[in-house]
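*Asks:* Return a 3D structure for these sequence lines:
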Amino acid sequence: MFIVTNRQVVQDAKGFDKLGSKPNAEGPNELRLVEATKRNKRWVIKILPDKLDDSMMKEVSLAPTIGPDGKPQPVYASQYVARKILDRTNPRQAGKKGKNLLVFVHGFNNDFKAVLERMDGLARTYNVEVIGFSWPANGGGIGGVLDYKSDKRDARASVGALDRFLARMYDLLNAFNKAYLDEITAKARTKFASAERRDEFIAREAQKGCPFTVNLVLHSMGNYLFKQVLASSVYRGTRLLFDNVVMAAADTNNKGHASWVDRIHCRQRLYITINENDAALKASRIKSGEEQLARLGHYPHNLYSKQAMYVDFTEAPRVGSSHAYFEGSPIRNKKSTAVKTFFQRAFNGERAEVDLYYHPDSHMYRFRKPK
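*Replies:* Model prediction:
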């Protein structure tokens with residue numbers, strides 16, 4: 001799996017010690033790419049170089065372009081990762097079965113190992129290719145309010161890094177789509193004299209060329225980080241990158257959320273999940289300062305976003321007080337697969353609410369019929 005991070009990097013360290021709990025020493029906007037592979041239940045962590053060497057370029061069939069000065073231009077690690085991910089998601093590559101792409105942004109108090117384990121679980125459970133954005137959360141949980149406030153500061157400091165990651169991802173996907181679109185457009189011009197037939201051919205082949213969806217899940221304080229991105233001056237809000245966006249157990253204020261949630265762009269659906277019994281969000285609410293306001297992920301009132309679909313998991317089977325009900329007991333319930341089915345669809349760019357019941361009095365979808 002691949003992770004984009006603005007955590008501090010310690011090249012000479014081993015294992016998880018390669019990634020720290022503080023921002024990169026060169027600044028919180030500095031991004032590094034990490035490749036993590038699980039071998040015999042143990043993680044192998046590799047920090048990718050900023051610029052590719054010849055062997056890495058050969059591995060993914062990349063070659064440097066020649067600049068105006070006649071010299072080869074550097075090839076960056078992001079291009080290597082893009083080629084690797086497209087090879088896994090795009091079934092046109094070597095006749096493989098494709099997967100959808102899920103971008104994961106974690107929350108408060110997650111060390112790097114916890115992030116990797118959760119990403120691995122998402123990939124295995126929902127059969128998706130997962131790429132993560134990991135910002136410097138403390139981990140450990142021994143500091144209580146101090147750790148929580150520290151992570152909120154780190155989240156705010158990570159705004160530029162997350163925006164840079166999403167912008168680069170958008171550019172790379174656009175470049176991939178443009179190259180393929182140019183190819184099929186050239187074929188259409190030689191194949192059909194009729195403009196209408198050409199357009200039909202291009203639309204049909206374009207769908208074949210990029211049949212995978214790109215989806216985003218923001219968990220817990222990851223929603224607060226994304227909120228800060230939307231509010232920042234660096235955000236380029238016209239980007240249309242994701243099919244579905246899932247705001248899971250959002251640790252951000254319920255008050256006024258519609259004003260920024262309605263600025264989120266997606267092709268299909270935007271889901272906000274709510275669990276009134278969420279133990280982590282209840283604990284978050286009692287911390288000092290603005291955190292005393294009701295959290296979006298556990299408060300069933302003032303749900304007035306024009307584009308979000310609110311989904312109430314409070315009475316869903318085996319959810320209980322869970323803060324991460326897309327994993328663990330709620331999705332392993334043999335008597336009811338409703339929770340897993342919802343996330344399976346949401347994380348794969350599909351309509352996840354089709355089997356749920358809409359309750360107009362609360363503006364929420366629920367797992368039971370209205371009385």
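*Asks:* From now on I want contacts and neighbour counts done on CA atoms only, so please keep to that.
*Replies:* Fine.
*Asks:* from what I can see His219 touches Asn110, true?
*Replies:* No. With contact defined as C-alpha atoms under 8 Å, His219 does not reach Asn110; the gap is 10.9 Å.
*Asks:* Across the sheet, point out what pairs with Ile272.
*Replies:* Note on Ile272: beta-bridge partners by DSSP bridges are Met247, Tyr310.
*Asks:* For burial, what's the neighbour tally of it?
*Replies:* 22 (other C-alpha atoms under 10 Å).
*Asks:* got the contact list for it?
*Replies:* Going by C-alpha atoms under 8 Å, 6 or more residues apart in numbering, Ile272 touches Val246, Met247, Ala248, Ala249, Ala250, Gly297, Ala308, Met309, Tyr310, Val311.
*Asks:* give me the number of residues near the second one?
*Replies:* Neighbours of Met247 under the rule other C-alpha under 10 Å: 25.
*Asks:* any idea how far it lies from Met221?
*Replies:* Distance of Met247 to Met221, computed by C-alpha to C-alpha, to the nearest Å: 10 Å.
*Asks:* which stretches of the stretch 251-371 of the chain form helices?
*Replies:* Assigned by DSSP state H, counting those that start in this stretch, the helices in the stretch 251-371 of the chain fall at 257-261, 279-285, 338-346.
*Asks:* Give the buried residues for stretch 271-285.
*Replies:* Neighbour-count burial for stretch 271-285 flags 271-278, 280-282, 284-285 (criterion: 16 or more other C-alpha atoms under 10 Å).
*Asks:* can you pull up the bridge partners for Phe2?
*Replies:* Assessed by DSSP bridges, Phe2 has beta-bridge partners Glu35, Ile131.
*Asks:* How about the contacts made by it?
*Replies:* Contact analysis of Phe2 by C-alpha under 8 Å, 6+ apart lists Leu33, Val34, Glu35, Ala36, Val81, Val130, Ile131, Gly132.
*Asks:* phi, psi of the first one?
*Replies:* According to degrees, to the nearest 10, the main-chain angles of Leu33 amount to phi -110, psi 140.
*Asks:* give me phi/psi at the spatially closest residue to it that is not a sequence neighbour?
*Replies:* Closest residue to Leu33 apart from its sequence neighbours, by C-alpha to C-alpha, 6 or more residues apart in numbering: Val4 at 4.8 Å. Here is the backbone geometry of Val4 (degrees, to the nearest 10): phi -100, psi 130.
*Asks:* quick one: average pLDDT of stretch 282-300?
*Replies:* Stretch 282-300 carries an average pLDDT of 78.
*Asks:* typo on my end, it should be stretch 345-355
*Replies:* 97.
*Asks:* May I ask you to name the longest helix in the protein?
*Replies:* Using DSSP state H, we find that the single longest helix of the chain is helix 159-191.
*Asks:* Tell me the gap between that one and the middle of its chain.
*Replies:* 19 Å (C-alpha atoms, centre = their mean, to the nearest Å).
*Asks:* Next SSE downstream of that helix?
*Replies:* Downstream of helix 159-191, the next assigned helix or strand under DSSP states H and E is helix 195-209.
*Asks:* Run me through the strand neighbours of the helix or strand following that following helix, direction for each.
*Replies:* Using DSSP H and E, the helix or strand that follows helix 195-209 in sequence is strand 214-219. Partners of strand 214-219 in the sheet, by DSSP bridges, are strand 101-105 (parallel), strand 244-248 (parallel).
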